[in-house]
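Asks: The sequence isn't on hand, but the structure is:
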């Protein structure tokens, strides 16, 4: 099995190192990832400027390609230019921070998996529920390896990706895997207004996420309860009920 | 009616000028838009740096706020900091270029409407099928005005936005409005490999979009046939069939 590993925290993050190491035990891993932090980039593409890709070393060994673009750029460029052999699976992560509920829309981690899926390759996004750079990645890496190794027996359709969220808990406190639905939450946006030395204002976002979901089957609730949440995600965006209603008007 | 107008082509684009002008006939318009081109930014947010917002003039008149961020940034910052009064409707556009099918995922225009919707405000994205900066915006602006003026009698649910795509045709060649579903298409990615004066490679995307949909009810097909396509879009991303299947396995 040939696996493309990418992320949005950057190729030098602990998360992608743990992920690549775990996946090397079950397949050939090639890493193509952003050369720096790309959080909250959504499904952005770089179109009005060119991309650079350079070989990146970790611990004196070639680790992969560092691209000065977004996670979606990395996947597109990998498939069309950097890689010579076909890829069986795309795994994006391990993200520092959950990508549950509406956060999927903002997530660079999920967008890389989405791009893999759009290009016809089975894809998995993996996120861990902590922003700490020193977090223990063991459970998350093992989970990614487990899901990747079983992926092809699960019968996931071509237009669906798996969005995996893992609580930042010691292995013994994890209650197991739960198959979940996308939860319902909201961001309460606050922009701090500050003033530069010239007295001119600038605004810095400091949102607060609120889980609005009490449903046991939702990703947010499952991770809160100590479960690993796996949500199958697809981008069929049409609201058919409203479509049918509008057809009676227009 | 108080309307927030934004876009992804930048506050100085012809599209947003035409849109704001048309909407001023039916409501109070406030413009908060990116200070430069932000195409294909997806649902990106600026989180690791602050935002600036400055007043922007056109034709010696105050036109709105220019923000050095993405379309989603503009909507969030407008609602939380820049605007003092409540907004009834967000209209994003007029984009230069269609936002149909999977292009919705890459679209900054749609992401602004998505952000409005997530913040609880009815939202519309408007796109015109040409990249020409000199294109005639009359039909698109009239369409935006028409849809906005009728919005509140249509019974659109809170979690749904309207994605409007308009063919770049003279008014007499437009066949009418069609309520559509999100079509099915794909990008064939090609990155041109070029070499800088030092002989080092760089890569520039030159994708080609292919409509793979023959269904008359799809947005891509409708605009090709000369119809204005209105697709109700929602972000309920769970693949429930697969979720239920996976629950039998895990």
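Replies: Alright, I've got the coordinates. Since the structure is predicted, the reported quantities are computational estimates derived from the model, not experimental observations. Residues are numbered from 1 along each chain as shown, chains lettered A, B, ... in the order given.
Asks: and the host helix or strand of residue A:228, does that touch chain B?
Replies: Taking DSSP states H and E as the definition, residue A:228 sits inside strand A:227-234. Yes: Strand A:227-234 lies within reach of chain B by CB under 8 Å from any CB of the partner chain, at A:230-234. Bear in mind the C-beta positions are built from the backbone N, C-alpha and C, glycine included.
Asks: Take the residues you listed and write them to TSV, including pLDDT.
Replies: Formatted as TSV, those follow (pLDDT from 0 to 100):
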residue	pLDDT
A:230	98
A:231	98
A:232	98
A:233	98
A:234	97
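Asks: which of those has the most neighbours?
Replies: residue A:231 (31 neighbours; other CB atoms under 10 Å in any protein chain shown).
Asks: so it makes contact with residue A:162?
Replies: Yes: taking contacts as CB atoms under 8 Å, residue A:231 lies within contact range of residue A:162: 7.4 Å.
Asks: Whichever helix or strand comes after the strand holding residue A:228 - what's its average pLDDT?
Replies: Following strand A:227-234 in sequence order, the next helix or strand is helix A:240-249 (DSSP H and E). Throughout helix A:240-249, pLDDT has a mean value of 96.
Asks: Please identify the helix or strand for residue A:31.
Replies: Residue A:31 belongs to strand A:28-34, assigned by DSSP H and E.
Asks: same check, this time on residue A:116
Replies: Per DSSP H and E: helix A:108-118 holds residue A:116.
Asks: quick one, that helix and strand A:28-34 angle?
Replies: Here helix A:108-118 runs at an angle of 120 degrees relative to strand A:28-34 (axes from the mean of the first three to the mean of the last three CA atoms, to 10 degrees).
Asks: any idea how far the strand holding residue A:228 is from the chain center?
Replies: Distance of strand A:227-234 from the chain centroid (CA atoms, centre = their mean, to the nearest Å) equals 12 Å.
Asks: If you count contacts, what does it end up packed against?
Replies: strand A:160-166, strand A:176-179, helix A:219-224, helix B:240-249 (3 or more CB pairs under 8 Å, 6 or more residues apart in numbering or on different chains; DSSP states H and E).
Asks: just the angle between that strand and strand A:160-166, please?
Replies: Going by the same axes, to 10 degrees, strand A:227-234 makes 160 degrees with strand A:160-166.
Asks: And the contacts of strand A:227-234?
Replies: Here strand A:227-234 makes contact (CB atoms under 8 Å, 6 or more residues apart in numbering or on different chains) with A:100, A:104, A:110, A:114, A:143, A:147, A:156-157, A:159-167, A:174-182, A:219, A:222-223, B:237-239, B:242-243, B:246, B:250.
Asks: Between helix B:240-249 and that strand, find me the angle.
Replies: 150 degrees.
Asks: pLDDT on the lengthiest helix in chain A, on average?
Replies: Assignment by DSSP state H gives helix A:138-150 as the longest helix of chain A. Helix A:138-150 shows a mean pLDDT of 98.
Asks: Enumerate the positions of that helix that are buried.
Replies: By neighbour count on 16 or more other CB atoms under 10 Å in any protein chain shown, the buried set for helix A:138-150 is A:139-141, A:143-145, A:147-148.
Asks: Among those residues, which ones lie close to chain B?
Replies: Applying CB under 8 Å from any CB to the buried residues of helix A:138-150, none is adjacent to chain B.
Asks: Let's have the residues you listed in TSV, adding distance to residue B:88.
Replies: Shown next, in TSV, are these (distance: CB to CB, whole Å):
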residue	distance to residue B:88
A:139	47
A:140	44
A:141	48
A:143	45
A:144	45
A:145	50
A:147	44
A:148	47
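Asks: which of these lies closest to chain B?
Replies: residue A:147 (10.0 Å; CB to the nearest CB).
Asks: With chain B as the reference, measure out to the residue nearest the centre of chain A.
Replies: Of all residues in chain A, the one closest to the mean position by CA atoms, centre = their mean is residue A:109, 2.3 Å from it. In this view, residue A:109 and chain B are 13 Å apart by CB to the nearest CB, to the nearest Å.
Asks: likewise residue A:227?
Replies: Where chain B is concerned, residue A:227 sits at a distance of 10 Å (CB to the nearest CB).
Asks: who's that residue bridged to?
Replies: As for beta bridges, residue A:227 partners with residue A:176 under DSSP bridges.
Asks: So residue A:191 sits against residue A:203, correct?
Replies: Yes: applying CB under 8 Å as the test, residue A:191 and residue A:203 come out as touching, 4.1 Å apart.
Asks: Return every residue with contacts to both of these two.
Replies: In contact with both residue A:191 and residue A:203: B:51, B:77, B:81, using CB under 8 Å, 6+ apart.
Asks: Does the first one touch residue B:72 like I think?
Replies: It refers to residue B:51. No: here residue B:51 does not reach residue B:72: they are 11.3 Å apart, not a contact under CB under 8 Å.
Asks: Looking at the two, which one has more neighbours?
Replies: residue B:72 (29 against 20).
Asks: Give me the phi and psi for the more buried one.
Replies: phi -60, psi -40 (degrees, to the nearest 10).
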